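1. Got a sequence here, can you model it:
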Amino acid sequence: EFDVRPGGEVHSFSRSLGDYTCTFTYSAQGGTNEQWQMNIGVSEDNLLFSCSIWRPQGKSYLFFTQFKAEVKGAKIEHAMAYSQAAVGAQSDIPLKQEEFEITETTVSHREGKFRFELSKLMIVAKTPRDEL
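-> Numbers count the residues shown, from 1 in each chain. As a prediction, this is how the structure comes out:
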């Protein structure tokens, strides 16, 4: 667990597992600190590295001015960002495709398109092991 802190400053939180690292960088405004979680894992066959970052309460009330999730040691195969995370009977609400962009190693907000709402990020990345 980590605190997502408002105040407009850029903060970063990282976790590593073996050769892989997931880093969440953001700045947010409004409200008070929120408890968020980051989970990372590697599949049994070591081919996939996953990183999830979310607010367990479902919706963040902070106003995110920017965000970026970055993986090191693997290349992103699938990623998704959500304005609201699932709680109870509610399901995840994804951001619109134009609000964020995905590269080989990052998922980040798109300047001018992102509507400042973020509650969850999910990344599945391929490890270099399958290229041997």
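
2. shouldn't residue 17 be in contact with residue 39?
-> No - with contacts defined as Cβ atoms under 8 Å, residue 17 does not count as touching residue 39, sitting 10.2 Å away. Every residue, glycine included, has its C-beta placed from N, CA and C.

3. The nearest residue to residue 67 once chain neighbours are set aside pairs with what?
-> Nearest in space to residue 67, with sequence neighbours left out and distances taken as Cβ to Cβ, 6 or more residues apart in numbering, is residue 26 at 4.4 Å. Beta bridges link residue 26 to residue 11, residue 67, judged by DSSP bridges.

4. Can you give me every residue that contacts residue 26?
-> For residue 26, the contacting residues are 4, 10-12, 64, 66-68, 118, by Cβ atoms under 8 Å, 6 or more residues apart in numbering.

5. With distance to residue 81 and neighbour count added, can I get those in CSV?
-> Formatted as CSV, the entries for those read as follows, by distance: Cβ to Cβ, whole Å; neighbours: other Cβ atoms under 10 Å:
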residue, distance to residue 81, neighbour count
4, 15, 21
10, 18, 11
11, 18, 15
12, 17, 11
64, 10, 21
66, 12, 15
67, 8, 21
68, 11, 17
118, 6, 29
